[in-house]
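Trainee: Need a 3D model of the sequence below.
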Amino acid sequence: MTFEPQILALWSAPRSRSTAFLKMMSQRGDHTILHEPFSHVMNFGETSVDGRTVRSETELIEAVHELAEKGPVFFKDTTDFAYPGLLADTAFLQKATHTFIIRHPSEAIASHCAINPEATCEEIGFSRLAEIYDAVRQATGQRPVVVDSDDLVADPEATVRAYCDRAGIPFIDSALSWRPEMRQEWVGTKAWHESTSRSEGFAATGSAYTRGPDNDPQLAEFLAFHLPFYEELRAHRLSVPTRAA
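Mentor: Numbering: from 1, shown residues only. All right, here's what the predicted structure looks like:
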């Protein structure tokens with residue numbers, strides 16, 4: 001039986017098209033949207049949930065539960081930070097529907113380091129993403145949904161349909177396109193969201209980067225470290241039905 005989760009989460013390593021996915025979820029109009037609340041707590045020391053200022057993971061999880069009592073909540077977050085409070089909260093890992101989105105780390109690393117040249121290996125985020133995935137799987141006894149963002153770009157409709165079916169929410173065709181905008185909650189970190197603010201749907205950006213794992217030894221080391229975690233997640237990616245020719 002299909003059910004609609006009150007709390008739906010999307011976890012992502014940075015630069016893996018998760019902001020575009022949030023835009024699609026916002027376009028649906030049937031969820032309250034929270035943009036990177038966990039990373040804001042870690043990065044800025046606080047975030048706001050429904051007018052309530054929270055300053056820790058524990059307070060945040062409590063606030064998200066309270067917000068979900070009013071209706072369905074969707075949040076997306078990135079793993080450039082570690083979230084020990086999340087990993088320790090088995091009840092939240094079980095009760096929320098946690099989903100994941102991935103992108104090949106060679107592309108994510110080049111995009112990430114173009115914005116943050118001083119990024120550390122851990123901040124690339126795939127090892128932490130796999131850690132959350134494993135924690136959810138252990139807490140629930142089920143394999144969480146993993147969206148390959150290459151599938152999302154190649155066939156948005158089929159991929160989102162498959163995601164909605166697994167996540168237990170209705171598919172809404174009109175949410176696959178949107179008007180370009182810089183959302184208010186992106187302004188403080190606008191450099192990370194410029195490309196999505198100009199987008200009108202899921203599409204490859206075609207960006208060219210001067211620095212990447214293919215020409216930078218440090219970034220090649222980043223790739224070697226994170227590739228196994230990406231491959232582990234990709235092995236469980238969402239199966240997207242192919243269309244008949």
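Trainee: Where do the helices of this structure begin and end?
Mentor: Along the chain, counting by DSSP state H, helices occupy 18-28, 37-44, 57-68, 84-88, 90-95, 105-115, 126-140, 149-154, 156-167, 194-197, 217-234.
Trainee: Just give me the lowest mean pLDDT stretch among those helices.
Mentor: The minimum mean pLDDT among those belongs to helix 194-197 (a mean of 62).
Trainee: Pretty sure Thr47 sits against Glu59.
Mentor: No: Thr47 lies out of contact with Glu59 (C-beta atoms under 8 Å); the separation is 9.5 Å. For every residue, glycine as well, the C-beta is placed using N, CA and C.
Trainee: of the two, who's got more company?
Mentor: A direct count of neighbours by other C-beta atoms under 10 Å for Thr47 and Glu59 places Thr47 higher, at 23 against 17.
Trainee: Let's see the pLDDT reported for that one.
Mentor: Per-residue pLDDT puts Thr47 at 96.
Trainee: quick one on the thing from earlier: relative to Ala175, which of the helices of the chain is closest?
Mentor: Of all those, it is helix 18-28 that lies closest to Ala175, at 4.1 Å by C-beta to C-beta.
Trainee: Mind giving me the packing neighbours of that closest one?
Mentor: Packing partners of helix 18-28 (3 or more C-beta pairs under 8 Å, 6 or more residues apart in numbering; DSSP states H and E): strand 7-12, strand 32-35, strand 73-78, helix 194-197.
Trainee: Now mean neighbour count and distance to Tyr133 too, for those, in JSON lines please.
Mentor: Shown next, in JSON lines, are those (neighbours: other C-beta atoms under 10 Å; distance: least, C-beta to C-beta, whole Å):
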{"stretch": "strand 7-12", "mean neighbour count": "24", "distance to Tyr133": "8"}
{"stretch": "strand 32-35", "mean neighbour count": "20", "distance to Tyr133": "20"}
{"stretch": "strand 73-78", "mean neighbour count": "24", "distance to Tyr133": "13"}
{"stretch": "helix 194-197", "mean neighbour count": "16", "distance to Tyr133": "24"}
